[in-house]
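Q: sequence and predicted structure, then a few things I'm wondering about:
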Amino acid sequence: MSNIDGKLISSKIREEIKADVKNYMIKPCLAVIQIGDDEASNIYVNSKEKACNEVGIYLKHIKFDETTREIEIINKIIELNNDEYVHGILLQLPIPDKFNEEKLINYIARNKDVDGLTDINVGKLINNKKCFVSCTPQGIIKLLQESNVEISGKNVVIVGRSKLVGKPLMSLFLNNDATVTICHSKTKNLKEFTKNADILVVAAGCKHLITEDMVKDGSVVIDVGINRVDGKIYGDVDYENVKKKASLITPVPGGVGPMTVAMLLNNVNISYKNMTNK
Ligand code: NAD
């Protein structure tokens, strides 16, 4: 087996973006809207800011108090939509329960929706039209392409059907001519499906859900899971044992994670080019 090195592949992408941005008259700008003071969200926004800074993208952090009225957030999104110096807008998830996540996301202009979560972009993805696609699924396809893994005609099994990972990934694989099975928490006898996968992607959020006996010899295994247990990070795949059977496998950390941020930067760069006719 060999590892798919997400750190290496993502750093190549970041270098390409950095080289592009150097030639721009103005800095591309990503607006990140955060509501409340969720500890994990603070960390994620900081790491996005650091990644943006490294390639020359300005991250505009707009933080609302949990007591803010929804209309104020909607008005801010509309203002950002109309701001020609803002090239990407994202709502940092999760947001407090009292807000309607779907409603807020759908106020983001589709041409600035760098997280690819608006209904318009999701619909376009299903119809295989040019659009912004959710960053983690996009990063997974890029990892496979960069590792010369053929997707067309392959049996792909995805464990997890979230709107952030599983569902958009299903469309991306279908658009690349794979035969796709999507499993979830109600799937009976998961192993029956995973055993048939040429490419297995696991995004369930369950530490070591996938064990050696559940994968096919020579398969490609992509582990999206991030599970923090006693201060350590584990994937959804029992890496040490599954690696004996897989031909290629992503480690956690260092696999899919770095690709997610790289694809976000890439989407902001694409949006900048679209908006400035570069
Ligand atoms: P989610 O909770 O929204 O969805 C989890 C999905 O997994 C659901 O569809 C559920 O039905 C399915 N599932 C849960 N338990 C299962 C089981 N025992 N068997 C089969 N299916 C099961 O989660 P998400 O946002 O899609 O994230 C999934 C995991 O990926 C989490 O660990 C998350 O932290 C991680 N993640 C990582 C990145 C990254 O950049 N590496 C990005 C997004 C999410």
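A: Alright, I've got the coordinates.
Q: so, low pLDDT: which residues of the stretch 101-250 of the chain?
A: Within the stretch 101-250 of the chain, no range satisfies pLDDT under 70.
Q: can you list the residues of this protein near the ligand?
A: Within the chain, the positions near the ligand by Cβ under 6 Å from any ligand atom are 136, 159-162, 164-166, 183-185, 187, 190, 203-206, 209, 224-227, 256-257, 260. The way it works is simple: take the backbone N, C-alpha and C, and place the C-beta from them, glycine included.
Q: any of those buried? List them.
A: 136, 159-162, 164-166, 183, 190, 203-204, 209, 224-227, 256-257, 260 (16 or more other Cβ atoms under 10 Å).
Q: among those residues, name the ones in helices.
A: Mapping those onto helices (DSSP state H) picks out 136, 166, 190, 257, 260.
Q: looking at the last one now. What's its pLDDT?
A: So the one you mean is residue 260. Residue 260 carries a pLDDT value of 97.
Q: re the thing from before, pick out the most distant pair among the ones in helices among the buried ones among the residues of the chain next to the ligand.
A: Pairwise distances across these (Cβ to Cβ) peak at 24.6 Å, for the pair 190 and 260.
Q: would you list every one of the strands in this structure?
A: 2-3, 29-35, 58-64, 88-91, 155-159, 179-183, 199-202, 220-223, 227-229, 232-234, 248-249 (DSSP state E).
Q: which helices and strands sit right next to the fourth one?
A: What that stands for is strand 88-91. Strand 88-91 sits against strand 29-35, helix 70-82, helix 101-105, helix 257-276, with contacts defined as 3 or more Cβ pairs under 8 Å, 6 or more residues apart in numbering; DSSP states H and E.
Q: what strands line up against that strand, and which way round?
A: Paired neighbours of strand 88-91 in the sheet (DSSP bridges): strand 29-35 (parallel).
Q: closest one to residue 41 among the strands of the chain?
A: It is, among those and with distance given as Cβ to Cβ, strand 29-35, at 5.8 Å.
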